[in-house]
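Chemist: heads up, no residue letters with this:
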């Protein structure tokens, strides 16, 4: 599946790039960009401290990282572009933004191929790919190979490094060349055709297999969420002591499949009345849960859960947990598409009428 990386460092997950400052000297360019010369006419450190907030300065000049889920643009969906907070150079567009579940703004690609420079960052005992703006050399974030779409990339960017320019102000602010992106006839449409859901309903092998059969589902990935341990692996989660649930991250097209209908289908493929259990699988990792990304998803989840509970289809009350989405840690490759690769493999899931 496109959202799953075969590169080993994906196991480090989405949070490790927040480990702290990266070292400015000694980085190596990746193959996607050409070498960058030191920009001329850059503001001095004193000038930047006067212009930027402390957090903006820390992120862009000291390779800092803002808190996940507590930043300006992680859940921002307005059409427009994102520019460098230091120089104003165009970096990313809302048409390429998607809900990654990480708590930081995520994009599938830069606005222009030469907008950013990607460099190997080997600080803190790990190997990551840092993203910097080409013109101002601002630290932006990191890029990971677990994104949706043909490119398979996720540019995980700090909000503090960005300024948003709404689509209706592009011409006024001197970015008129990008206005066609948001016209009805534009070549790239606002990314309203891809949304994310995060669901848990027992062993993720069977949940994923049935979800992928639903029309409107674009992609699936199994993993772990809802716990306290960073970068959990299967051997950790199966103990039932980390608090994680086996979950499936679902990318779907809302023009073909509503979130409410996706949840109704979800309630058909598992038993939502058995706390911390699904079939013969027992433990908190097998609980029924819906992890929402915004208030609209929360309200829809509560409405559909109440609808299912009142339907009389189940002999006991529905106990499905509804909780805010937190970090999602992709499971090991051996668990991805398991029943596609092993058609006769174990599952305790089926669709109820």
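Modeler: It's in. All values derive from a computational prediction rather than experimental measurement.
Chemist: I'd guessed residue 202 sits against residue 275; true?
Modeler: No. Residue 202 is beyond contact range of residue 275, at 12.0 Å (criterion: Cβ atoms under 8 Å). Quick note: C-beta positions are derived from backbone N, CA and C, even for glycine.
Chemist: those two: who's more crowded?
Modeler: residue 202 (25 against 13; other Cβ atoms under 10 Å).
Chemist: ok, that one to residue 127 distance?
Modeler: 35 Å (Cβ to Cβ, to the nearest Å).
Chemist: same check on residue 283?
Modeler: 34 Å.
Chemist: ok, residue 165 next?
Modeler: 34 Å.
Chemist: comparing those two, which residue is more hemmed in?
Modeler: residue 165 (19 against 12).
Chemist: who's in contact with that one?
Modeler: By Cβ atoms under 8 Å, 6 or more residues apart in numbering, the residues touching residue 165 are 80-83, 173, 175.
Chemist: any regions of the stretch 1-150 of the chain where pLDDT drops low?
Modeler: Along the stretch 1-150 of the chain, the model assigns pLDDT under 70 to residues 1-41, 123-124, 149-150.
Chemist: next, the residue nearest to residue 89 when sequence neighbours are not counted: secondary structure please.
Modeler: Leaving aside its sequence neighbours, residue 89 sits nearest to residue 135 (Cβ to Cβ, 6 or more residues apart in numbering; 4.5 Å). With DSSP: H, G, I helix; E, B strand; the rest coil as the basis, residue 135 sits in coil.
Chemist: surely residue 135 meets residue 90?
Modeler: No. Contact status for residue 135 versus residue 90: not in contact, 9.9 Å apart, counting by Cβ under 8 Å.
Chemist: ok, residue 312 - how many residues close by?
Modeler: With other Cβ under 10 Å as criterion, residue 312 counts 7.
Chemist: my bad, should have said residue 321
Modeler: For residue 321, using other Cβ under 10 Å, the count is 16.
Chemist: ok, the closest residue to residue 179 other than its chain neighbours - contacts?
Modeler: Nearest residue to residue 179 in three dimensions, chain neighbours excluded: residue 170, at 4.7 Å (Cβ to Cβ, 6+ apart). The contact partners of residue 170, taken as Cβ under 8 Å, 6+ apart, are 80-81, 176, 178-179, 182.
Chemist: one more time with 10 Å
Modeler: The neighbours of residue 170, taking Cβ atoms under 10 Å, 6 or more residues apart in numbering as the test, are 79-81, 90, 176-182.
Chemist: from those residues, list just the buried residues.
Modeler: 79-81, 90, 178, 181-182 (16 or more other Cβ atoms under 10 Å).
Chemist: so of these, which ones are in strands?
Modeler: Cross-referencing the buried ones among the contacts of residue 170 against strands under DSSP state E gives 80-81, 90.
Chemist: what's the domain layout of the chain?
Modeler: If you go by the TED database, the domain ranges for the chain are 80-182, 194-341.
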